[in-house]
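> Structure for the following, please:
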Amino acid sequence: MINATAFFKLKPVSRGWFLCFIFCVLSQIRASDSDYSLAQYHFLQGAMGYAPWLVSQHQVPKKAYQHIALAKVLARHDDQQALYQLAEHYEQVSKPAFSETYYKQLLALPLSPRARRGARQTIAQFYHRQKNWSSLAEFVQADDPAIWSFRSAFELGQDWHQAPSDVQASLRQLIAYPIVHTVSELSMLPDCPITVVPVISDVVSGQHWLRLHNIFITDPQLSQLPVCFTEILYQNKQQLGCENTTEQQAIECQLTGLTQSREWPAGIRNLIVLSDTGKANVNQGILYLNKLSSFEVYKHEWMHLLGLEDEYRLSKQSSQTRCRLVNPLSQLHYQINTVAEGALFPVSTCDESYINAFKAISAATIMEFLDKPLPQAYLDKARSNITDQRGQLEVFSRAMFKRTNDPYWLNYGVALGFQGSYLQYALFLEEKGQIKQAIAYLKLASDWPLAKSTIARLFYQQGDKLQARFWYAQAAKQGDSYGEYFYAKMLANGEGGKMDKAAAQALLQRAASKGNPLAQKSTQIAL
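Just a heads-up that it's a prediction; the model follows:
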């Protein structure tokens, strides 16, 4: 290998012949339109020190960059164009890790300020194309364009509300729907029966909800529902707190940022929360969606939000809480008898309980299989629940109270006219010793069997066994297991009325079959 020192040790004549040789080879390389030969590859590889000399003199033939093997040789000598070429090549062949390696080598060179800015811009664009937002976030420096850091923050579920106004305007274009960062910014439509707030924590979840929403508002069925949507409410992932949900679990989020706010506009009934993982479900007025959920899943869960029930077999635990003889919201009919009364068709919803469930439609529906239709009768039922049974439809404030035990959320639910909030507020008043006021609130929620049982308990504790027996009987008729158990005790002991041990025994067994712990401890009424 001839380096510079060896070259100058040559005799003048030899140096002349060597330079002539180099010039001839270079001319052939530049003039050739064919691929480089193996000999030329080895020549550039440095057998005679030619590659580093070409790099240092900025004399690398353009054709060399079109050959990956030759570009790699030049890259080993820190040729900037070769590094760019290799990085672009490996991105095109879906090997971004190799691209990143060459880009990092490029940045390690002693570049001019202008060249360094250009290199950083190119690498930022590379991370953007690859949607490698975590690497972009780590890459960003204080003097880089603000859009880089705030774009990666938005994509990663971090805060971006402090971005400059021009950057915020650019970021908002990623989701063609109004976005707010605080609940006080939410705007309400007057006199809307059901107002819903979509809650997202990154760009992907926002774009996915918007796709579902656009289908919703044009869907021939769902567009008939009297439902209004506010702006999208953005919460960072830490505030939303959905990270602990696995793919096989029903989504549940801590909602820390939302529970702590006391500036909620009046009238919001439900939230739609999008999570990275987990199974879609409805729980206490909140519709949880995986950010990959299909519109069929969305439609199914909307029916749950409006009170309709599944038509597949529920688990024993679910059936014990969701299967009851009286449920004015459900599209199903419930009875103890196994033979349908009238033109009804059995469904397996309540097979794990003592109650049998039936539907009025023979065909399979979306409440059993997602690829089946939503019958018009079911849509009509959902609409009538909004107009006629709205006080029984779950509201999100109930979930908030569960997380905080803050009376703010009780009052919020009471203002919505939600019967569950009446029940919770009555228990709150009971703790303060305000029994009469508690009973008054419970009577506002007396469609709920649990409210009836609670009224009965309060009357019993006050010594009014006649009223206690009446309300326990009402709760038992609706299938409330505690109502059945305590009504059975009153029947067995003749409290508040006639003694009836046979009826008491039947009620006790029914309550035990539902998993009532008190009933299960005593399988027989004491004679």
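
> any idea how the chain splits into domains?
Per the record, the chain has its domains at 1-64, 179-391, 448-521, by automatic domain parsing.

> most tightly surrounded among those?
Scoring the domains of the chain by mean neighbour count under mean count of other C-beta atoms under 10 Å gives domain 448-521 as the most buried, with a mean of 20. Bear in mind the C-beta positions are built from the backbone N, C-alpha and C, glycine included.

> quick one: average pLDDT of stretch 342-362?
In this model, stretch 342-362 has a mean pLDDT of 91.

> ok, residues contacting that stretch?
Contact with stretch 342-362 is made by 309-316, 318-320, 322-325, 331-338, 340, 365, 368, 375, 377-378, 479, 510, 513-514, as judged by C-beta atoms under 8 Å, 6 or more residues apart in numbering.

> related to what we said a few turns ago, figure out which of the domains of the chain is closest to Ile147.
Nearest to Ile147 among the domains of the chain is domain 179-391; the distance by C-beta to C-beta comes to 13.4 Å.

> if we can go back for a sec, export the domains of the chain as a markdown table, with columns for distance to Asp159.
Converted to a markdown table, the domains of the chain look like this (distance: least, C-beta to C-beta, whole Å):
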| stretch | distance to Asp159 |
| --- | --- |
| domain 1-64 | 46 |
| domain 179-391 | 5 |
| domain 448-521 | 40 |
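
> of all these, which lies closest to Gln141?
Of all the domains of the chain, domain 179-391 sits nearest to Gln141, with 22.4 Å by C-beta to C-beta.

> got the end-to-end distance for the closest one?
Separation of the first and last residues of domain 179-391 by C-alpha to C-alpha, to the nearest Å is 29 Å.

> starting at the chain centroid, how far to that domain?
Per C-alpha atoms, centre = their mean, to the nearest Å, the displacement of domain 179-391 from the mean C-alpha position of its chain is 13 Å.

> For Ser149, pull up the helix or strand it's in.
Using DSSP states H and E, Ser149 sits in helix 146-156.

> just the CA coordinates of that helix, formatted as CSV?
The C-alpha coordinates for helix 146-156 follow below in CSV (Å, rounded to 0.1, in the frame of the first residue of the first chain):
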residue,chain,number,x,y,z
ALA,A,146,-39.8,23.6,18.8
ILE,A,147,-42.1,21.5,16.6
TRP,A,148,-39.7,18.5,17.0
SER,A,149,-40.0,18.2,20.8
PHE,A,150,-43.7,19.0,21.0
ARG,A,151,-44.6,16.7,18.1
SER,A,152,-42.8,13.8,19.8
ALA,A,153,-44.6,14.8,23.1
PHE,A,154,-48.0,14.7,21.4
GLU,A,155,-47.2,11.3,19.8
LEU,A,156,-45.9,9.8,23.1
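
> And that helix, what does it pack against?
When contacts are defined as 3 or more C-beta pairs under 8 Å, 6 or more residues apart in numbering; DSSP states H and E, helix 146-156 packs onto helix 133-139, helix 165-172, helix 203-216.

> Other residues contacting that helix?
Under C-beta under 8 Å, 6+ apart, the answer for helix 146-156 is 124, 128, 131, 133-134, 136-137, 139-140, 158-160, 163-164, 167-168, 170-171, 174, 202-204, 237.

> Just the buried ones among the residues you listed, please.
If you count burial by 16 or more other C-beta atoms under 10 Å, the buried members of the contacts of helix 146-156 come out as 124, 128, 133, 136-137, 139-140, 158, 160, 163, 167-168, 171, 202-204, 237.

> what angle do the helix holding Ser149 and helix 165-172 make?
40 degrees (axes from the mean of the first three to the mean of the last three C-alpha atoms, to 10 degrees).

> average model confidence for helix 146-156?
96.

> which residue sits closest to Tyr127 in space, ignoring its chain neighbours?
Among residues not flanking Tyr127 along the chain, Leu136 sits closest, at 4.0 Å (C-beta to C-beta, 6 or more residues apart in numbering).

> Please, where are all the helices along the stretch 351-500 of the chain?
Taking DSSP state H, counting those that start in this stretch as the criterion, the stretch 351-500 of the chain contains helices spanning 376-388, 397-404, 407-416, 419-431, 435-444, 449-461, 465-477, 481-493.

> and Leu255, which of the ones you listed is closest to it?
helix 397-404 (6.7 Å).

> so where's the stretch 251-400 of the chain uncertain?
The model of the stretch 251-400 of the chain has pLDDT under 70 over residues 341.

> which stretches of it form strands?
Using DSSP state E, counting those that start in this stretch, the strands found in the stretch 251-400 of the chain span residues 270-275, 281-283, 286-290, 333-335, 345-347, 356-359.

> just the stretch 51-200 of the chain next, same as before
179-180, 194-200.

> In JSON lines: these, plus distance to Thr101.
Below are these laid out as JSON lines (distance: least, C-beta to C-beta, whole Å):
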{"stretch": "strand 179-180", "distance to Thr101": "37"}
{"stretch": "strand 194-200", "distance to Thr101": "35"}
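
> Nearest to Ala504, out of the ones you listed?
Taking the strands of the stretch 51-200 of the chain one by one with C-beta to C-beta, strand 194-200 is closest: 42.9 Å.

> can you list the residues that contact that closest one?
The contact list for strand 194-200 (C-beta under 8 Å, 6+ apart) reads 186, 188-189, 206, 209, 213, 225-230, 232-235, 240, 258, 267-274, 287, 386, 390, 393.

> what sits against the nearest residue to Ala115 once chain neighbours are set aside?
Excluding the flanking residues, the one nearest Ala115 by C-beta to C-beta, 6+ apart is Gln80, at 7.6 Å. The neighbourhood of Gln80, defined by C-beta under 8 Å, 6+ apart, consists of 106, 109, 111, 115.

> Looks like the third one contacts Gln105 (just checking).
No: Leu111 is not in contact with Gln105 according to C-beta atoms under 8 Å; the separation is 11.6 Å.

> And stretch 163-181, end to end?
Terminal residues of stretch 163-181 lie 12 Å apart, using C-alpha to C-alpha.

> Leaving out the residues flanking it, which one is nearest to His208?
The nearest residue in space to His208 (C-beta to C-beta, 6+ apart) is Lys291, at 4.8 Å.

> The one you found and Gln478, how far apart?
38 Å (C-beta to C-beta, to the nearest Å).

> before we move on, what about Pro265?
34 Å.

> Pipe the contacts of Gln80 into CSV and attach pLDDT and distance to His181 per row.
As requested, the contacts of Gln80 are arranged in CSV below (pLDDT from 0 to 100; distance: C-beta to C-beta, whole Å):
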residue, pLDDT, distance to His181
Leu106, 93, 38
Leu109, 93, 41
Leu111, 92, 39
Ala115, 93, 38
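
> Of those residues, just say which sits nearest to Gly497.
Leu106 (90.0 Å).

> For the closest one, which non-adjacent residue is closest in space?
Leu83 (4.4 Å).

> So the one you found is in contact with Ala75, correct?
Yes: proximity of Leu83 to Ala75 meets the contact threshold set by C-beta under 8 Å, at 5.3 Å.

> shared neighbours, these two?
102, 105.

> Can you name the residues that contact Leu225?
Counting by C-beta under 8 Å, 6+ apart, Leu225 touches 194, 302, 306, 379, 382-383, 386.

> backbone phi and psi for it, please?
Main-chain torsions, Leu225, degrees, to the nearest 10: phi -70, psi 140.

> Relative to Ala360, how far out is it?
21 Å.

> again, but for Lys372
Taken as C-beta to C-beta, the span from Lys372 to Ala360 is 15 Å.

> With mean pLDDT and distance to Gly497 as extra columns, can I get the helices and strands packed on helix 146-156 in JSON lines?
Below are the helices and strands packed on helix 146-156 laid out as JSON lines (pLDDT from 0 to 100; distance: least, C-beta to C-beta, whole Å):
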{"stretch": "helix 133-139", "mean pLDDT": "95", "distance to Gly497": "69"}
{"stretch": "helix 165-172", "mean pLDDT": "96", "distance to Gly497": "66"}
{"stretch": "helix 203-216", "mean pLDDT": "98", "distance to Gly497": "52"}
